[in-house]
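**Q** Requesting a structural model of the entry that follows:
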Amino acid sequence: MKNTFDLKDVQITDTRWKSCEDKNALFLSEMDPERILSGFRRTCGIKTDAQPYGGWEDSLIAGHGIGHYFSALGMRIACLRGRDEDGELEESIKKAETIVRGLLECQEKLGNGFLSAATVQDSDNVYIQFDILEGRAEGKQWVPWYALHKVLQGLLDLWRYGEIEGAGKAATALADWVSNRVLSWDKATRKKVLSVEYGGMNETLYLLYLKTHNERYKKAAGVFDEPELYSDLLSFRNRLKGIHANTTIPKILGYLTGALAYDEGEEVSKRLKTAEIFWEKVIRDQSYPTGAIGDMEHFFADGLLDGSRTQCNGESCCSYNMLKLSQLLYRITGDIRYTDHIERTLWNLKLGSIGPDGGYTYFNPMATGYYRLYSPNRPEENPFWCCVGTGMEDMAKAADQICYEEDNVIYITQWISSDLRIGEKIYQIRTDFEKGLITITCSKSGKNIKLRIPRWIKNREDILPKGEEYLDIDPDNGKFELEFSMDLKLLELPDEPSAKGFSYGPFVLCVPLGEDRWGVTESAGIDVTAPAWKVVFGRAVKSSITYGKTNRAVLDAEYLTLPSEETVEDFRRNFKDHIRDENGELFLTGMRDINGQIIDLPLIPYFSTGNGRYGVYWYISSGSRSSH
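**A** I've put the predicted structure just below:
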């Protein structure tokens with residue numbers, strides 16, 4: 001099994017990723033411990049004058065975003081142990097220890113390890129949301145196990161990444177409360193509770209078991225496993241249709257994590273096979289080349305990718321969880337497909353998920369003519385959607401997905417410029433996409449290296465022996481250089497043969513469409529909005545949204561017409577003839593728009609669109625076409 005390196009040992013140097021890391025770090029640094037603790041103190045009756053943060057963090061789900069912040073803070077501390085910048089490490093550790101002390105005081109006040117920051121409905125029963133789920137009380141509830149999972153995982157991450165010992169004490173105390181409660185459920189209660197989103201409770205409890213070897217955590221994790229449901233979901237066509245994606249993906253991730261808690265055998269094989277089938281189904285039938293998954297948080301009918309392109313594709317949380325699932329599958333199996341997906345998601349959706357001025361995306365639209373909306377870039381103004389939480393984590397741990405180690409061999413799987421430190425040895429990985437050059441330098445004689453050669457390399461067959469995925473590199477040579485050229489690829493959608501897009505190397509390309517009618521939004525959930533207007537070359541349409549349902553709109557300006565002698569099939573074979581390279585800048589050319597004008601459209605990386613509208617896919621047609 002391949003192991004990741006400590007975050008302190010892998011430092012990203014790529015300026016694009018560093019910029020996102022820095023924006024994220026600024027957001028983390030502005031989080032106030034007193035406001036973070038206020039909801040937990042309110043729950044247990046400790047007086048506080050501080051107000052909780054707003055949006056979802058002042059509601060029945062409060063604590064979920066704070067839990068992700070705990071994880072991100074632990075990861076940031078781990079990164080800083082490898083490069084302390086301006087005393088940030090000491091400050092971050094001090095902040096983490098202050099928060100953990102406050103949480104331990106809350107646990108001591110209640111006396112049973114419980115923690116919650118949710119709005120208090122009944123001061124005499126702070127567990128009421130859990131009782132409501134079990135059918136033992138009446139009132140309001142909003143996925144209490146989901147919120148609690150984030151807090152528990154956050155404490156675990158402060159412990160294992162940040163090395164904050166008090167976080168281990170708080171995490172195990174909370175896990176004891178969880179175990180005592182769930183191990184008392186009968187079948188009917190378990191079925192009732194697990195029908196409501198509970199995040200990755202099984203994943204976290206299995207990870208706690210692996211760290212502590214407490215058998216009760218393993219048993220409690222098993223309560224959240226649902227093998228019958230997994231089998232049902234994967235048993236026949238279109239079973240995923242309409243299922244909430246970010247509820248489902250963590251369930252499979254947790255089930256697979258359980259494979260690490262068992263000896264090799266039938267149980268491990270069963271869990272691995274289930275995860276592999278699920279992953280394949282989601283990637284094949286529900287995913288876009290950017291790493292975006294589903295529409296309006298839900299899976300759609302198998303393969304309905306063009307028919308599901310709206311302003312509400314690609315909830316960031318779904319991609320966060322698919323990245324985690326892909327990484328664990330790669331670590332267990334070594335299958336290169338999983339790193340391919342990680343690469344697509346990192347360089348496209350994730351690199352674009354932090355705004356030009358900071359803030360985090362919820363949706364990442366795939367419909368032409370929309371744009372990403374970013375949350376406010378300051379904690380005091382932030383709505384703390386779930387995707388703000390996962391966004392904090394994604395940028396705090398990006399370095400975790402570059403290098404692995406197995407049998408004394410280093411596997412470099414992502415071409416993100418970075419430094420890997422192993423003891424006194426430093427491996428410098430430098431990728432220059434513009435020059436087409438990757439360089440790996442080792443300061444001293446070190447371990448053998450296997451460099452993954454991506455499928456977007458044009459001269460891949462000249463580099464690799466047939467059937468191989470990695471190039472063996474001898475570190476004793478001191479410096480290795482590889483020239484490469486990136487290939488242009490045609491992107492197609494299974495349900496609409498005329499819909500075409502393009503990628504260049506790892507980058508999905510799009511046409512920038514300006515900022516006309518920018519900022520007019522429609523509600524897409526509680527405190528969540530999405531762009532209302534779709535605008536393409538001056539044509540516009542406004543679409544309404546209701547939660548769980550989007551209205552797809554197509555404008556005639558999205559159609560491009562080929563020369564009269566050229567068919568769509570010709571275009572498939574010769575699409576590169578329609579892309580012009582002008583000193584490294586790419587343009588889509590040689591077709592006519594709806595006004596009959598020859599187009600010359602710039603193609604830029606999807607991640608770089610910022611606040612602007614964009615179009616990844618265009619409908620290519622033969623002959624003249626005046627209206628649609």
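**Q** wait, doesn't residue 64 sit right on residue 145?
**A** No - contact between residue 64 and residue 145 fails when scored by Cβ atoms under 8 Å: they sit 10.6 Å apart. The way it works is simple: take the backbone N, C-alpha and C, and place the C-beta from them, glycine included.
**Q** The two - which one has more neighbours?
**A** Between residue 64 and residue 145, residue 64 has the larger neighbour count (other Cβ atoms under 10 Å), namely 29 against 22.
**Q** So the more buried one versus residue 316, what's the distance?
**A** For residue 64, the distance to residue 316 (Cβ to Cβ, to the nearest Å) stands at 14 Å.
**Q** Also residue 353?
**A** Distance, residue 353 to residue 316, by Cβ to Cβ: 6 Å.
**Q** Touching both of those two, which residues are there?
**A** Listed as contacting both residue 353 and residue 316 by Cβ atoms under 8 Å, 6 or more residues apart in numbering are 360-361, 364, 391, 394.
**Q** can you give me the mean pLDDT across the helix or strand harbouring residue 28?
**A** Element membership of residue 28, judged by DSSP states H and E, is helix 15-29. The pLDDT scores in helix 15-29 average 97.
**Q** So what touches whatever helix or strand comes next after it?
**A** The element immediately downstream of helix 15-29 (helix or strand, assigned by DSSP H and E) is helix 33-44. Applying Cβ under 8 Å, 6+ apart, the contact partners of helix 33-44 are 47-48, 50-53, 57-58, 62-63, 66, 69, 95, 98-99, 102-103, 106-107, 109-110, 115-118, 120, 126, 379.
**Q** residue ranges with poor pLDDT in the stretch 301-450 of the chain?
**A** For the stretch 301-450 of the chain, applying pLDDT under 70 flags the ranges 444-445.
**Q** I should have written the stretch 51-200 of the chain there, sorry.
**A** Low-confidence segments of the stretch 51-200 of the chain, defined by pLDDT under 70: 84-85.
**Q** the helices in it, which residues?
**A** With DSSP state H, counting those that start in this stretch as the criterion, the stretch 51-200 of the chain has helices at 64-80, 88-110, 128-133, 144-160, 165-182, 187-194.
**Q** then the first one to CSV, C-alphas only?
**A** The C-alpha atoms that make up helix 64-80 are tabulated as CSV, following Å, rounded to 0.1, in the frame of the first residue of the first chain:
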residue,chain,number,x,y,z
HIS,A,64,-20.0,21.7,10.6
GLY,A,65,-17.9,24.5,9.1
ILE,A,66,-15.9,25.0,12.3
GLY,A,67,-15.1,21.3,12.2
HIS,A,68,-13.7,21.7,8.7
TYR,A,69,-11.7,24.7,10.0
PHE,A,70,-10.2,22.4,12.7
SER,A,71,-9.1,20.1,10.0
ALA,A,72,-7.7,22.9,7.8
LEU,A,73,-5.9,24.4,10.8
GLY,A,74,-4.3,21.1,11.7
MET,A,75,-3.1,20.7,8.1
ARG,A,76,-1.8,24.2,7.9
ILE,A,77,0.2,23.7,11.1
ALA,A,78,1.6,20.5,9.5
CYS,A,79,2.7,22.5,6.4
LEU,A,80,4.2,25.2,8.5
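**Q** which non-adjacent residue is nearest residue 262?
**A** Excluding its sequence neighbours, the residue lying closest to residue 262 (Cβ to Cβ, 6 or more residues apart in numbering) is residue 268, at 5.4 Å.
**Q** Kindly apply the preceding question to residue 249 instead.
**A** Spatial nearest neighbour of residue 249, chain neighbours left out: residue 321 (4.1 Å); criterion: Cβ to Cβ, 6+ apart.
**Q** What count of nearby residues applies to the one you found?
**A** 25.
**Q** How about the contacts made by it?
**A** For residue 321, the contacting residues are 200, 246, 249-250, 253, 390, by Cβ under 8 Å, 6+ apart.
**Q** change it to 7 Å
**A** 246, 249-250, 253 (Cβ atoms under 7 Å, 6 or more residues apart in numbering).
**Q** for those, which one is nearest residue 10?
**A** Proximity of the contacts of residue 321 to residue 10 (Cβ to Cβ) peaks at residue 253, which lies at 22.3 Å.
**Q** Could you list the domains of this protein?
**A** Domain assignment for the chain by automatic domain parsing gives 31-224, 410-432+434-483, 488-621.
**Q** Now render those as a markdown table, adding distance to residue 337.
**A** Putting those into a markdown table (distance: least, Cβ to Cβ, whole Å) gives the following:
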| stretch | distance to residue 337 |
| --- | --- |
| domain 31-224 | 22 |
| domain 410-432+434-483 | 10 |
| domain 488-621 | 15 |
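**Q** Name the stretch among those domains that sits most buried.
**A** Neighbour counts (mean count of other Cβ atoms under 10 Å) averaged over each of those peak at domain 31-224, with a mean of 20.
**Q** So what would you say the end-to-end distance of it is?
**A** Using Cα to Cα, to the nearest Å, the end-to-end distance of domain 31-224 comes to 32 Å.
**Q** Ok, stretch 257-267 next?
**A** Stretch 257-267: ends 12 Å apart by Cα to Cα.
**Q** where does residue 263 land on pLDDT?
**A** Confidence at residue 263, expressed as pLDDT, is 76.
**Q** Report the spatially nearest residue to residue 142, omitting neighbours in sequence.
**A** residue 60 (3.9 Å).
**Q** ok, the one you found - contacts?
**A** Going by Cβ under 7 Å, 6+ apart, residue 60 touches 118-119, 129, 140-142.
**Q** Phi first, then psi, for it.
**A** Dihedral pair for residue 60: phi -70, psi -10, per degrees, to the nearest 10.
**Q** Please report the distance of it from residue 121.
**A** Residue 60 sits 8 Å away from residue 121, going by Cβ to Cβ.
**Q** Overlap of the contact sets of those two?
**A** Contacts common to residue 60 and residue 121, judged by Cβ under 7 Å, 6+ apart, are residue 140.
**Q** one step back: wait, the residue nearest to residue 262 sits on residue 261?
**A** No - judged on Cβ atoms under 7 Å, residue 268 makes no contact with residue 261 at a distance of 9.4 Å.
**Q** quick one, which of those two is more surrounded?
**A** The residue with more neighbours, out of residue 268 and residue 261, is residue 261; 21 against 17, by other Cβ under 10 Å.
**Q** How about the contacts made by the more buried one?
**A** Counting by Cβ under 7 Å, 6+ apart, residue 261 makes contact with 206, 209-210, 218.
**Q** Fine by me, thanks again.
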